[in-house]
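1. Structure for this input, please:
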Amino acid sequence: MDTKLHVLIRILLAGLALYVFYGAVLFFAQRRFIFPRHLVRTPPADASDTSGIDRIWLTSRAGRTETWLLPPETGASPAPAVIVAHGNAELIDHWVGEVAALRRLGFAVLLVEYPGYGRSEGSPTQASVTETFVAAYDMLAARDDVDADRIVFMGRSLGGGVACALAAERPSAALVLISTFKSVNAMAAEKFFVPPFFARDPFNNLKTLRNYPGSVLIAHGTRDNLIPYSHGVALREASGRGRLITYEAGHNNCPPDWPAFWAEVERFLREEEIIP
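-> Presented below is the predicted three-dimensional model:
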């Protein structure tokens with residue numbers, strides 16, 4: 001065999017071996033990237049002001065999961081409600097202040113923790129998180145003080161995938177997605193250069209939106225280096241009733257102006273007649 005060809009074959013085989021090793025490590029370690037709960041510090045039990053918050057523990061196959069139900073500040077009963085799914089490096093504790101604008105609009109807000117995050121038991125996977133959110137929805141929709149026909153799902157980043165996974169299982173009045181990806185499969189191919197089927201938790205948001213009958217409000221930053229802006233555009237195009245708000249922002253600072261964003265959300269919810 002020609003010496004140069006022999007060397008080339010050895011280089012290609014070595015590269016292939018390295019790629020297989022890289023793919024194997026990524027396959028088995030991917031949930032530490034998707035659900036980096038080890039990086040999220042849980043505040044002490046008395047660190048968060050939970051006055052006026054109804055702490056409700058749900059039980060599923062994943063274990064006991066914590067939810068916080070924040071009542072509306074105004075409006076009649078039964079009230080509309082929003083179920084919020086946070087980002088993958090956040091806790092429900094971090095969202096109490098952010099959702100105050102929704103409460104002022106008359107919404108009850110349910111913050112649902114992921115299994116294995118914060119004070120909750122279990123391990124996070126697409127299956128365990130979806131099961132938890134379905135249980136949370138069923139609990140919320142059964143309450144006399146909540147209008148089951150006006151429950152909105154909202155998610156940020158990974159939480160957008162969770163909101164879409166819930167929308168595939170339960171009805172909702174609308175969806176609000178912030179900095180959300182097309183699917184983990186797409187992220188695997190585009191960001192990590194591995195076949196899409198490597199994704200153990202696919203969160204196929206494109207598929208969900210193609211079949212989703214309601215309206216969808218999507219917010220995405222053009223400078224997002226983690227989840228490219230093109231993903232927000234693709235989600236808008238997949239939805240039959242999608243709207244896209246574009247910000248000159250990255251991933252962690254989207255939206256850059258929360259009061260302005262909540263004003264956009266309010267306009268969207270009024271146009272959809274979810275609130276008067």
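
2. Give me the number of neighbouring residues for A260.
-> Counted with other C-beta atoms under 10 Å, the neighbours of A260 add up to 12. C-betas here are computed from N, CA, C, even on glycine.

3. Spell out which helix or strand contains it, please.
-> Using DSSP states H and E, A260 maps to helix 258-271.

4. which residues touch that helix?
-> For helix 258-271, the external contacting residues (C-beta atoms under 8 Å, 6 or more residues apart in numbering) are 98, 101-102, 105, 152, 174, 176, 215, 217, 219, 243, 245, 255, 275-276.

5. contacting residues around A219?
-> A219 touches V176, L177, I178, S179, G232, L244, I245, Y247, C254, P255, F261, E264, counting by C-beta under 8 Å, 6+ apart.

6. if we go to 10 Å?
-> Applying C-beta atoms under 10 Å, 6 or more residues apart in numbering, we find A219 in contact with 156, 160, 176-180, 232, 243-247, 249, 254-255, 261, 264-265.

7. what do you get for M187?
-> M187 touches F33, I34, F181, P196, A199, P202, F203, L226, I227, P228, H231, counting by C-beta under 10 Å, 6+ apart.

8. Neighbour-wise, which one of those leads?
-> F181 (28 neighbours).

9. So it versus V152, what's the distance?
-> Applying C-beta to C-beta, to the nearest Å, the value for F181 to V152 is 20 Å.

10. what are the ranges of the helices in the stretch 101-250 of the chain?
-> 126-141, 158-167, 184-192, 205-211, 229-238 (DSSP state H, counting those that start in this stretch).

11. And the contacts of the fourth one?
-> Identification of contacts with helix 205-211 by C-beta under 10 Å, 6+ apart yields 155, 160-169, 175, 177, 180-186, 204, 212, 216, 218, 231, 234-242.

12. ok, 6 Å please
-> Residues outside helix 205-211 that contact it (C-beta atoms under 6 Å, 6 or more residues apart in numbering) are G161, C164, A167, A168, K182, S183, L235, A238, S239.

13. Next: the first one.
-> Helix 126-141 is contacted by residues 58, 60, 62, 65, 67, 81, 110, 112, 114-115, 122, 146, 148, 162, 165-166, 169-170, 201, 203 when judged by C-beta under 6 Å, 6+ apart.

14. Nearest residue to the middle of this structure?
-> G159 (1.0 Å; C-alpha atoms, centre = their mean).

15. Pull the contacting residues for that residue.
-> A85, H86, G87.

16. tally of neighbours for the nearest residue to it once chain neighbours are set aside?
-> Excluding its sequence neighbours, the residue lying closest to G159 (C-beta to C-beta, 6 or more residues apart in numbering) is A85, at 3.3 Å. Neighbourhood size, A85 [other C-beta under 10 Å]: 30.

17. same check, this time on M139
-> M139: 16 neighbours (other C-beta under 10 Å).

18. gap between it and T67?
-> Counting by C-beta to C-beta, the gap from M139 to T67 is 8 Å.

19. before we move on, what about L206?
-> Applying C-beta to C-beta to L206 and T67 gives a distance of 28 Å.
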